[in-house]
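S.K.: Quick one, structure for this:
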Amino acid sequence: MEKAKRKEKEFIARRQEILDEAERIFAAKGFHAATMAEIAHGSGFAIGTLYQFFQGKEDLYVSMVTEKLQLMYQEIRDAVQAREDTLQKVEALVRAYFLFVENNADFCTFFVRSDGATLPDVSNALQEQMIKAYLGQIQFIEGIINKGMEEGIFQPEKARDYAFALSGIIRGIIFDWLVGAHQGSLTGKTGLVTDIFLRGILQAKT
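M.R.: Residues are numbered from 1 along each chain as shown. Model prediction:
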C-alpha cells in the first residue's frame, strides 16, 4: 500500500514538472515553435518519458491550459468562501482574479494573445472545456449576487446579467494589464473594479 502511494506521488510530481516546463516553453515560444524534445530536456526527462504522461504535444498543451484554469477558478472560490460578508466576497473575488494573473503573468499573457492560428488542432475540444468552466464560474458569481439580493443589499433580479458584467469588467482590466507590459499593480485595481461594479447594483437606500 505504501509503495503504491509513493509511486502515485512520484507520478503526480513528475507530471507536474513536465507541465511547469511546458508552460514556460509555450509562453516563450508559442505552441507551434515548441517541441516535445525541448520540453523533455527542460524538465530533465527523456522524451519517451513524456509520452508516458501525455499522448503528444496537443494533449500536453490542452492539459496545461485546462488544469491552469481549474487552479485559477479554485483559488478564486477558496478566497471568496473564506469571507462571510457578501460585499467582502465580491472584493475577494476581484482580488483573487488579479492575484492569480500577477502570479502567472507569462502564462496569462501568452494565453490572451493566442488566436485560432496559434491553438492546436484540438482547439475546439479545448474551447468547449473553457466555455464550460467559464459558465460554471459565472454561476458561482451569480450565487454571490443572489445572496446579496436576499440580504437586500443588491437590486433585485438580473443576477446572471450582473455576474457577466462583473466578469467582463475584471477581464477587461486584466487584458489591458497583460498587453500593457504588466505596468503597475493589478491587485491595486481591486478597489476600482469593486467600486465601479457595486455602484451599479447596490440597492438604493430609502
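
S.K.: Checking T190 next. Helix, strand or coil?
M.R.: Of the three states, T190 takes helix under DSSP: H, G, I helix; E, B strand; the rest coil.

S.K.: Now A34: closest residue in space, sequence neighbours ignored.
M.R.: Closest residue in space to A34, ignoring its immediate chain neighbours: I25 at 4.8 Å, by CB to CB, 6 or more residues apart in numbering. The way it works is simple: take the backbone N, C-alpha and C, and place the C-beta from them, glycine included.

S.K.: A37 too?
M.R.: That would be I47: by CB to CB, 6+ apart, it lies 5.3 Å from A37.

S.K.: Which residues are in contact with R14?
M.R.: Applying CB atoms under 8 Å, 6 or more residues apart in numbering, we find R14 in contact with 45, 49, 53.

S.K.: could I get those residues as JSON lines with distance to Y97 and pLDDT?
M.R.: Shown next, in JSON lines, are the contacts of R14 (distance: CB to CB, whole Å; pLDDT from 0 to 100):
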{"residue": "F45", "distance to Y97": "33", "pLDDT": "90"}
{"residue": "T49", "distance to Y97": "35", "pLDDT": "89"}
{"residue": "F53", "distance to Y97": "30", "pLDDT": "92"}
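
S.K.: Whichever of those end up buried, select them in PyMOL.
M.R.: Burial among those is assessed by 16 or more other CB atoms under 10 Å; the matching PyMOL selection reads:
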select buried, resi 45+53
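
S.K.: pLDDT averaged over the helix or strand harbouring L126 - what is it?
M.R.: Using DSSP states H and E, L126 falls within helix 123-150. Confidence over helix 123-150 (mean pLDDT, whole number) is 90.
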